[in-house]
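build the 3D model from these lines:
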Amino acid sequence: MSVRNLKKKSETDWDRVDRMTDDEIDMSDIPALTDAFFERATTVLPRIYIDRLDLIEARKFARYILDKGWPNEEEELAHAAFNTALIISYAKPFSLKYDLKGQRELPLDEQVADVLIEKEEIGLHKAIKEMRDESFAHSDARSHLFDNLDYNSKQMLFFKPELLLSKSQTSLLATMIQKWINHLDTPRAKFKESRSRIN
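Numbers count the residues shown, from 1 in each chain. Predicted coordinates for the structure are as follows:
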């Protein structure tokens, strides 16, 4: 529409439009949206976007840790906090979840073979999920045990296991996160395209 057309006074009776009910609106030239469309719109859209947002958040934490040059002794507490945030954010899309109707959805974990190719990546992916499940989101007893130690003795020693990722692990994780984001961009683009064809 040209600027000249924008300056032209509208001939639409906007008061009449405002008074119209839904039943009075002529939608004969708009294709009907089926139940299948709405089912897909409410279950696919949020999951792609939610998983992607969690991974973008994890990428921010990984970059921040790497930019700070952690680990170092002076900022151990701050590193531990960002390390925790990184692990939890990364692990979220790979955990059991529910759709908008309360039905269980398959976690993104079902697609690991499509995204993570290197053995080292798959190993780190599993290790981070275990850290999240056993130490960060929960505190499973078995994740705090030493091998070959008699836990029935009267002298018990409780400890916090080393859970900070090294610089090389954080760097590898940042690469993995970007792979996952790129992977999610494909169904996201397809969803947007299908939405634009309907509109």
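
please report how far Asp133 lies from Asp109.
Distance, Asp133 to Asp109, using C-beta to C-beta, to the nearest Å: 12 Å. Every residue, glycine included, has its C-beta placed from N, CA and C.

next one: Phe61
Taking C-beta to C-beta, one finds Phe61 at 20 Å from Asp109.

next: Ser196.
For Ser196 relative to Asp109 (C-beta to C-beta), the value is 30 Å.

before we move on, what about Asn182?
17 Å.

Ile181 now?
16 Å.

with neighbour numbers in mind, choose between these two.
Neighbour totals were compared for Ile181 and Asp109, and Ile181 leads with 17 against 14 (other C-beta atoms under 10 Å).

nearest residue to that one other than its sequence neighbours?
Leu55 (5.2 Å; C-beta to C-beta, 6 or more residues apart in numbering).

where's the most centrally placed residue in the chain, which helix or strand?
Taking C-alpha atoms, centre = their mean as the criterion, Asp51 is the residue nearest the geometric centre of the chain, at 2.3 Å. Assessed by DSSP states H and E, Asp51 sits inside helix 35-68.

C-terminal to that helix, what's the next element?
Downstream of helix 35-68 (by DSSP H and E), the next one is helix 76-91.

pLDDT on that following helix, on average?
Averaged across helix 76-91, pLDDT comes to 93.

for it, packing partners?
helix 35-68, helix 119-131, helix 167-198 (3 or more C-beta pairs under 8 Å, 6 or more residues apart in numbering; DSSP states H and E).

quick one: list the elements packing against the shortest one.
Helices and strands touching helix 119-131, by 3+ C-beta pairs under 8 Å, 6+ apart, are helix 76-91, helix 167-198.

can these go into a markdown table with extra columns for distance to Asp67?
Shown next, in a markdown table, are these (distance: least, C-beta to C-beta, whole Å):
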| stretch | distance to Asp67 |
| --- | --- |
| helix 76-91 | 11 |
| helix 167-198 | 11 |
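
give me whichever of those is most buried.
Among these, helix 76-91 has the highest mean neighbour count (mean count of other C-beta atoms under 10 Å), at a mean of 19.

and that helix, how far from the chain's centre?
Distance, stretch centre to chain centre, for helix 76-91: 16 Å (C-alpha atoms, centre = their mean, to the nearest Å).

what does it contact?
54-55, 57-58, 61-62, 64-65, 68, 70-72, 128-129, 131-133, 136-137, 163-165, 170, 173, 177 (C-beta atoms under 8 Å, 6 or more residues apart in numbering).

ok so, going back, now the residue nearest to Ile181: how far from Phe61?
From Leu55 across to Phe61, the span is 11 Å (C-beta to C-beta).
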